[in-house]
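>>> structure for the following, please:
(chains A and B)
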There are 2 protein chains.
Amino acid sequence: MQPNTYLQQMKDGYLFTEIVHRTKAFQTEHPEAKILRLGVGDITRPLPAPVVEAMHRAVEEMGHPDTFRGYGLENGYAWLRQAILDNDYTPRGIQLSIDEVFISDGAGSDLGNLSELFDQHNQVAIIDPAYPAYEDTSMMAGRSIEYLPCTAENHFVPDLPKTSADIIYLCYPNNPIGTVLTRDQLTEWVRYAQAHKSIIIFDSAYEAFIQSPDIPHSIYEIEGAQEVAIEVRSYSKTAGFTGVRCGYTIVPKATGLHAMWLRRQCTKYNGTSYISQRGALASYTQEGKAAIRANIAYYQETAQVLMKGLSALGYEVYGGVHAPYIWCRVPKGYTSWSFFTYLLSTYQVVCTPGAGFGAAGEGYVRFSAFSKREDCIEAIQRIQKL
Amino acid sequence: MQPNTYLQQMKDGYLFTEIVHRTKAFQTEHPEAKILRLGVGDITRPLPAPVVEAMHRAVEEMGHPDTFRGYGLENGYAWLRQAILDNDYTPRGIQLSIDEVFISDGAGSDLGNLSELFDQHNQVAIIDPAYPAYEDTSMMAGRSIEYLPCTAENHFVPDLPKTSADIIYLCYPNNPIGTVLTRDQLTEWVRYAQAHKSIIIFDSAYEAFIQSPDIPHSIYEIEGAQEVAIEVRSYSKTAGFTGVRCGYTIVPKATGLHAMWLRRQCTKYNGTSYISQRGALASYTQEGKAAIRANIAYYQETAQVLMKGLSALGYEVYGGVHAPYIWCRVPKGYTSWSFFTYLLSTYQVVCTPGAGFGAAGEGYVRFSAFSKREDCIEAIQRIQKL
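Sure thing, here's the model as predicted:
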């Protein structure tokens, strides 16, 4: 048996595992230290009450012969797919058919598995820095990658690829930088993909954080995007589903990839938990929406605490308005990892080193507004002025 | 962008979708017909009470800030992995370490995704007939396949491969035939894999149906198997999780594939629902085990109803003792699909045509003991003696 050498050659360390490891080591050496974790992008607010109630009802149904549900459709229950169209797309003037919506156990799985739609010999373009799965997934498939650096020098707006990119990963609002693309900027990408017959994988897991009407929530707000874009979304950062697992992916028929994705999912996926899907549906009720808006507003305020606090301390910060992430330039003389170590050892504050998101992330660290509010306030009090 | 041509060339029709489609068409033409569905392998008994209670508790925890859980480990909570070792392996004398257990959202996903561990240029051996995912997954990866026919003529025991097989899919107790391998027969496969440096993907989703102490529940009961075998299991057919989604896969370090699978899962999977994992844990409590034993016994009795009934009607039947499936030879002059049509149109009974599981399944149909008991009894009454 020959192993997949691309997978075999992957480096071991996953960014967040490394952070957990270093934090733990510090805690062991300093058991008295109260460590403030402002790094990881996991949410901290519990599930909204209407979601909890819907999931209780679903669990109860599963215990009775007349209401028990076995296998559902691989692409999800029609009532959830219809709710997605009615709430997330139709109000923005986007017409999709219900079978273009695929429910999944989360954006993480889909962003990884979508890679199977493509031949190995495709050129990939990835914004640098980025969520590590785009790069890792492409490397596991043996594809060559062009990195599109985003730094303060180009105002964090990536240039179009220099190579002819076949597969383009875009994440907006962006993780880790916290920036967004305007309608005109996103239109440029759609036009590029049309001209080069490329496909855009658009990760819009953070769209609920957008505060301005000028910024598109979905790539399908751009005319022609249904021919060239797959959109991946998640209930993780809206309804708080990081531990519940539910998301969805739109594969329009106009991409020519719809039948392939359906075949892939029917063969390698047996559908999403009925309980998770009922929870996701409840996030679209009036009460569910109100609870999610309140949660998002809370995280947005936390972002402001971090932005204003770090600014006042003399730090250069970006993002944090239409996204839960604050991108902070490290002081002169530090790398992102040495600044991580400095913050941890001096103030017992954990951030995420930008270099973990790619070469262009060097010189920055990420703070997360999903962190506990009181920890953010205390961190700002602990950290000394530059 | 170049699509994955292997995936693109896959035929559309998934077996069970086709059956649903034909059954629906018949019902539309004959709205008065009471159709008895004895085909699909989905379970019909509700979740055991201890599982329902555990899931209610988990849902409740998710609604409160102090007990809320976000992302779990990609390979699952340690308490569930430990319970698997303590209940499914240690009592059978199998020593595994807790990090060799990977919790997933079900055997279907793992059986598909494990394919990524291997280079394209591996020779695959698949028992024919078989659960369609082994073949489909291998074809999507562009691998060549040797089929190992199992028919009444070889007593449904597959010969060892004639080619040098690199990847071998074995499913015991078998779906669709319902047969098992003895300890000696399974040992032959492990020795073959050791001699040829191949890897066995052992699907033991139906092990709970085994009634004889001579038949191994796990491939790791065979000495040396940890070097050559990955084992995939599911809570679907034991605890009734087809709609809940939870399973697990054992990737021993001795296979040399452990680090690769961990890397794959950490990159392309974000963990299994906390609620599903709590439900799975409850299946190992004393009450949970008793409820599962009662469910399995019920399905085993249903299998006897079908076996004895079909036998008495003059049909040649196999399996059905250590497995929930009955493999039935079709009468002379019929193909498996024409017999499917005959049963549906004459008696309004739905079975699964054997040809849907592979070429060697031609001439047989599968009946499922997961079907409703009263439907099985009625079907036996409706079908005329051969």
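>>> ok, now which ones touch A:V40?
A:16, A:19, A:352, A:368, A:370, B:71 (C-beta atoms under 8 Å, 6 or more residues apart in numbering or on different chains). Just so you know, the C-beta spots here come from the backbone N, C-alpha and C atoms, and that holds for glycine as well.
>>> and the last one, what helix or strand is that in?
For B:Y71, there is no helix or strand it lies in under DSSP states H and E.
>>> wait, it sits on A:T242?
Yes. At 4.7 Å, B:Y71 counts as touching A:T242 under the criterion of C-beta atoms under 8 Å.
>>> which of those two has more neighbours?
Neighbours per residue (other C-beta atoms under 10 Å in any protein chain shown) separate B:Y71 from A:T242, with A:T242 holding more: 25 against 19.
>>> so who does that one touch?
A:42-43, A:236, B:70-71, B:270.
>>> try 7 Å this time
A:42-43, A:236, B:70-71 (C-beta atoms under 7 Å, 6 or more residues apart in numbering or on different chains).
>>> related to what we said a few turns ago, and which of the contacts of A:V40 is nearest to A:A360?
Distance to A:A360, by C-beta to C-beta, is smallest for A:T352 among the contacts of A:V40, at 14.7 Å.
>>> what separation do you get for the closest one and chain B?
14 Å (C-beta to the nearest C-beta, to the nearest Å).
>>> so how many other residues sit close to the residue of the stretch 251-386 of chain A found nearest chain B?
The stretch 251-386 of chain A approaches chain B most closely through A:K268 (2.7 Å), counting by C-beta to the nearest C-beta. Using other C-beta under 10 Å, A:K268 has 22 neighbouring residues.
>>> report the set of residues contacting both of B:Y71 and A:T242.
A:D42.
>>> state the helix or strand in which the residue nearest to A:L111 when sequence neighbours are not counted lies.
Leaving aside its sequence neighbours, A:L111 sits nearest to A:A133 (C-beta to C-beta, 6 or more residues apart in numbering or on different chains; 5.3 Å). Taking DSSP H and E as the criterion, A:A133 maps to helix A:132-140.
>>> right, and the helix or strand after that helix?
Next element after helix A:132-140 (DSSP H and E): strand A:144-149.
>>> that next one - contacts with which helices or strands?
Other elements packing on strand A:144-149 under the criterion 3 or more C-beta pairs under 7 Å, 6 or more residues apart in numbering or on different chains; DSSP states H and E are strand A:123-128.
>>> outside of the strand it packs on, which residues touch it?
For strand A:123-128, contacts defined as C-beta under 7 Å, 6+ apart pick out A:134-135, A:138, A:143-150, A:158, A:161, A:163-170, A:358-360.
>>> got the domain ranges for chain A?
Per the record, chain A has its domains at A:5-47+A:287-382, A:50-285, by automatic domain parsing.
>>> okay, those domains, which one's buried deepest?
Of all these, domain A:50-285 has the most neighbours on average by mean count of other C-beta atoms under 10 Å in any protein chain shown, namely a mean of 21.
>>> straight-line length of that domain, end to end?
Start-to-end span of domain A:50-285 (C-alpha to C-alpha, to the nearest Å) is 8 Å.
>>> how far out from the middle of the chain is it?
9 Å (C-alpha atoms, centre = their mean, to the nearest Å).
>>> ok so A:E60 is a helix residue?
Yes. When classified by DSSP: H, G, I helix; E, B strand; the rest coil, A:E60 is found to be part of a helix.
>>> quick check: phi and psi on the spatially closest residue to it that is not a sequence neighbour?
Spatially, and ignoring its direct neighbours in sequence, A:E60 is nearest to B:V52 (7.1 Å; C-beta to C-beta, 6+ apart). Per-residue torsions, B:V52: phi -60, psi -50 (degrees, to the nearest 10).
>>> and B:V52, how far from A:P46?
As judged by C-beta to C-beta, to the nearest Å, B:V52 and A:P46 stand 21 Å apart.
>>> ends of stretch A:317-324, how far apart?
OK, stretch A:317-324 end separation, C-alpha to C-alpha: 13 Å.
>>> actually stretch A:218-235, not the one I wrote
End to end - C-alpha to C-alpha - stretch A:218-235 spans 15 Å.
>>> and if you look at stretch A:141-154?
End-to-end distance for stretch A:141-154, by C-alpha to C-alpha: 30 Å.
>>> contacts for it, please.
With C-beta under 7 Å, 6+ apart, stretch A:141-154 has contacts from A:6, A:115, A:120, A:122-129, A:135, A:138, A:156-159, A:161-163, A:165, A:177, A:329, A:358-360.
>>> over to stretch A:176-196?
For stretch A:176-196, contacts defined as C-beta under 7 Å, 6+ apart pick out A:129, A:150, A:156-157, A:160, A:164-165, A:168, A:170, A:172-173, A:199-200, A:210, A:214-216, A:219, A:222, A:224-225, A:227-228, A:318-320, A:322-323, A:325-327, A:352, A:354, A:357, A:361, A:366.
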